[in-house]
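Asker: predicted coordinates and the sequence they were generated for:
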Amino acid sequence: MRKILHLLFALAFCAQARAQTSAPAQPRLVVVISIDQFRYDYLVRFRPYFVAGGFERLLSGGADYEACHYRHAVTKTAPGHATILSGVHADVHGIVGNDWLDRSDWHQMQSVEDPDSPIVGADPQTVHSPGGLLESRSGRSPRNFLAVTVGDQLKLRFGNGCRVIAISNKDRAAILMGGKLADAAYWLENDRFISSRYYLPALPSWAQQFNSERRVQKYFGVVWNRLLRPQVYDSVQGPDDAPGESVVSGLDRTFPKRIDGGKAEIGPDFYDAFDISPYSSDLLGAFAGGVIRGEKLGTHAATDLLCISFSQIDHVGHAYGPDSHEIMDSVLRLDRTLAELLDQIDKEVGLGKCVVVLTADHGASPLPERILAMNRGIPAGRLDNAAIDRLVDAAMVAAFGPAPDGDFWCRRDNFGYTLHPSALKARGVDIRRAESVVKAALLGYPAIAAVYTAEELGEPAEGDSMLAMSRRSFHPGRSTDVEFVMKPYFMDRSPFGTNHGTPWDYDTHVPLVWFGAGVPRGLHPEAVAVEDLAPTLSALLGIPRPPRARGRQLF
């Protein structure tokens, strides 16, 4: 019996030793990459032209989940980035759009707006956003973000033993990926990367040095041309000049394009043109290298997390659409930027000690003019926003009379309308009755597929119906009182370019590619969701998943 017990103990000890030696070590660095407005099919249609070390390295050496979708309806930049590392949707994280109507004073609040967190690294009075000069509202922080991210869980577990850094061309992308406890978030503003006092009293010396090199100005007057022969782009994307494409910031609809904003001197138009050009991705890639070196990522006691969101694909996509030469060339150039970045990570840390996750915040719709040009009877078009406003206003006046003097019945906000409480109170109108009037009016507009009231959207979301997806995008007090969904291939952007923000496949289908230590290789055809990223990464790091994260662990 004693010999048998000794043998059993020996076998148990060997099994434990094998388990300990075969268990993968914790990665030294995790890099989560989001590409703004990057449809999954870009990985398929442009793959023959990728270099070996960029997207192809991740696809062939990692796990490619080819059927990954968002399960919320309002597929905008801020809600997407808020979901990526929290595993929840706007009904929990509260980021219902890039901006929303603040009912306390009826101004359009930016998703990461925080006047109490002034800008660091630039004069706040000169900071601008795509919506215009922000002036006193130029402070930035995750104050409006109501969820917890994987990075927050890392900081709660390891404190100063790890670093969590987020960077992007856009403020909201960096801030929302980083979460509440990030050590820093940086984003590009004109010619420099900046942050806010929420994170830092001043930019670190390595970031100041990067900005002092004035790299953006060096691109003034540079000519953007295609990497490959024009015939290659013609065969994949069709003609260079297509109906519905934009002329914007001095950039014509066809190649070549001079990056000067159409002006003789550097100014706001040049910075806008630079944002649209692929050189802004090159700059962010270089800044990512500066972060890795400056923050000594991959050398701390616990796993470090670097979040990177490349925004240029979104800018160029809005202007030219997903079937343009511009989008193809931008993806091919980003592929080469990623290859250089991955090479640097391999040199500085070792890719074998890292995990890389690639995804996107949303996709994009084809240009409606392209669809209509095929003349095959598929409905497509652009919404007349002014006409919709008149339709809603007329319905309210017909039902309840004119709004009180100096007041208004409702105000448009993204894909919906918010009713004004003072006008309803003055006329004795029940808000549910007013919602039904607005809903009926919107359903009378031919390009609208569905309309939901706040009462309908306030129920729990179950399944993947359009209503369930809309419920995941709804947050009381921030969302509108009546929300609508456009029919497929219709958009609210006019008169040129494309947009996103719907529950249709072209907006929800994005990449989810895993690469590195502990990741099983292969192509995975099963349906997964972006909300699965946070639980999976948490399990890989051996930390608790973010509270209320709904997704499942993929491996």
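Answerer: Thanks, I have it.
Asker: just the buried residues of stretch 240-249, please?
Answerer: For stretch 240-249, burial by neighbour count (16 or more other CB atoms under 10 Å) applies to 240, 242, 244-246, 248-249. C-beta: built from backbone N, CA, C; applies to glycine.
Asker: now do stretch 383-401
Answerer: Taking 16+ other CB under 10 Å as the basis for neighbour counts, the residues of stretch 383-401 that come out buried are 383, 388, 391-393, 395-396, 399-400.
Asker: now stretch 524-532
Answerer: Neighbour-count burial for stretch 524-532, counted by 16+ other CB under 10 Å, picks out 524, 528-532.
Asker: list the residues that contact Gly267.
Answerer: Applying CB atoms under 8 Å, 6 or more residues apart in numbering, we find Gly267 in contact with Gly261.
Asker: that one and Asp191, how far apart?
Answerer: Look at Gly267 and Asp191: by CB to CB, to the nearest Å, they are 11 Å apart.
Asker: same question for His107.
Answerer: As for His107, its distance to Asp191 is 28 Å (criterion: CB to CB).
Asker: repeat that for Val349.
Answerer: Val349 is 29 Å from Asp191, by CB to CB.
Asker: how many other residues sit next to Asp41?
Answerer: Counted by other CB atoms under 10 Å, the residues lying close to Asp41 total 15.
Asker: for Pro495, same thing?
Answerer: Other residues near Pro495 number 8, with proximity taken as other CB under 10 Å.
Asker: helices or strands up against the lengthiest helix in the chain?
Answerer: With residue count as the measure and DSSP state H as the assignment, the chain has helix 325-348 as its longest helix. If contacts are counted by 3 or more CB pairs under 8 Å, 6 or more residues apart in numbering; DSSP states H and E, helix 325-348 sits against strand 29-35, helix 55-61, helix 230-237, helix 279-294, helix 312-320, strand 354-360.
Asker: wait, Arg548 sits on Asp91?
Answerer: No. Between Arg548 and Asp91 there is no contact, the gap being 10.0 Å when judged by CB atoms under 8 Å.
Asker: hmm, back to that, between His107 and Asp191, point out the one with more neighbours.
Answerer: Neighbour comparison, His107 and Asp191: the larger count goes to Asp191, with 18 against 12 (by other CB under 10 Å).
Asker: just the pLDDT for Ser129.
Answerer: In the prediction, the pLDDT value recorded for Ser129 is 48.
Asker: my guess is Gln148 meets Gly178, correct?
Answerer: No Gln there; residue 148 is Val. No. Under the contact definition of CB under 8 Å, Val148 does not touch Gly178, with a separation of 11.9 Å.
Asker: quick one: which of those two has more around it?
Answerer: Neighbour count, other CB under 10 Å: between Val148 and Gly178, Gly178 has more, with 29 against 25.
Asker: and the residue nearest to the more buried one when sequence neighbours are not counted, which of the three is it?
Answerer: Nearest residue to Gly178 in three dimensions, chain neighbours excluded: Ala166, at 3.2 Å (CB to CB, 6 or more residues apart in numbering). Applying DSSP: H, G, I helix; E, B strand; the rest coil to Ala166 yields a three-state assignment of strand.
Asker: ok, now which ones touch Ala166?
Answerer: Residues touching Ala166, when contacts are defined by CB under 8 Å, 6+ apart, comprise 151, 174-175, 177-178, 182, 184-186, 306-309.
Asker: try Asn375
Answerer: For Asn375, no contacting residues are found, by CB under 8 Å, 6+ apart.
Asker: you'd agree Glu526 is in a helix?
Answerer: No. Counting by three-state DSSP, Glu526 is not found in a helix; it is strand.
Asker: ok, the closest residue to it other than its chain neighbours to Trp224 distance?
Answerer: Closest residue in space to Glu526, ignoring its immediate chain neighbours: Ala67 at 6.5 Å, by CB to CB, 6+ apart. Distance of Ala67 to Trp224, computed by CB to CB: 34 Å.
Asker: more neighbours: these two, which one.
Answerer: The residue with more neighbours, out of Ala67 and Trp224 and counting by other CB under 10 Å, is Trp224; that gives 20 against 13.
Asker: isn't the more buried one up against Thr254?
Answerer: No. In this structure, Trp224 is not within contact of Thr254 by CB under 8 Å, at 11.4 Å.
Asker: still on that earlier bit, can you put the buried residues of stretch 524-532 in a markdown table and add distance to Ala449 and pLDDT?
Answerer: Formatted as a markdown table, the entries for the buried residues of stretch 524-532 read as follows, by distance: CB to CB, whole Å; pLDDT from 0 to 100:
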| residue | distance to Ala449 | pLDDT |
| --- | --- | --- |
| His524 | 31 | 97 |
| Val528 | 26 | 98 |
| Ala529 | 22 | 98 |
| Val530 | 23 | 98 |
| Glu531 | 24 | 98 |
| Asp532 | 27 | 98 |
